[in-house]
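Engineer: attaching a predicted model along with its sequence, questions to come.
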Amino acid sequence: MRPAALLVLLCAAARAGATVAPEEWEKAVAACPESWVEHGDLCFFYSGTMPEIEGRTLADHCSFADPAAVPAVVHDAATDALLASLTDRYGAWLGLSRGTDGTWVWSDGSSLNYTNWGQGEPQEGRDCAALGSYKSRVAGNEVGGVVDANSTWKSWPCSNFYEPYLCQLSP
């Protein structure tokens, strides 16, 4: 249950004379669900593991984390730095992809007003974006370069959805 809905129910219960435990009030006023990180007016989630269900989209995986969650969108350096701090050495998928017209657009439909592409990025033929360098974990193999110390963005084929991901939601 979303914190706002829980708060409404607890208030109604208290008005009706029910005793509400302090920890229930704390849960109701918490801005972000457990294991999510608050930043501004949003909550962010880092999966920490690669997807277990093949054939699902990034949006599908975010909705498994929370039904209201969407792939992470980055509009400023502060959000970018926070997301980089959440990821491990493998980085994570962002909600950024190249549209059919060739322009990059966020999964929420917003325009690309901030970027942090690494050197030589984005590459042609790679239509999805990830924060940080990746080393493939497929079949236990680790290939690729070293992790980018700057946590810049990399472009990858959207079909290579084998890495952790970042999601966001409004509390």
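Structural biologist: Sure thing, it's come through.
Engineer: where does pLDDT dip in the chain?
Structural biologist: Along the chain, segments meeting pLDDT under 70 span 1-30, 50-55, 88-90, 133-150, 160-162.
Engineer: kindly state the domain boundaries assigned to it.
Structural biologist: Per automatic domain parsing, the structural domains of the chain span 1-30, 36-169.
Engineer: can you give me the end-to-end span of the last one?
Structural biologist: Think domain 36-169. End-to-end distance of domain 36-169: 9 Å, with CA to CA, to the nearest Å as the criterion.
Engineer: can we start the residue count at 51 from this point?
Structural biologist: From this message on, residue numbering opens at 51, which makes the last subject domain 86-219.
Engineer: isn't Val207 right next to Glu174, touching?
Structural biologist: Quick fix: residue 207 reads Pro, not Val. No. Contact criterion CB atoms under 8 Å: Pro207 and Glu174 do not qualify, at 11.1 Å. In short, each C-beta sits where N, CA and C put it, glycine included.
Engineer: which of these two has more neighbours?
Structural biologist: Set side by side, Pro207 and Glu174 show more neighbours around Pro207, with 11 against 8, by other CB atoms under 10 Å.
Engineer: which one is the more buried one nearest to, not counting chain neighbours?
Structural biologist: By the measure of CB to CB, 6 or more residues apart in numbering, the closest residue to Pro207 outside its immediate chain neighbours is Arg176, 5.5 Å from it.
Engineer: one more: Trp156?
Structural biologist: Val123 (4.4 Å).
Engineer: list the contacts of the one you found.
Structural biologist: Contact criterion CB atoms under 8 Å, 6 or more residues apart in numbering gives 144-146, 156-158, 160, 218 as the residues in contact with Val123.
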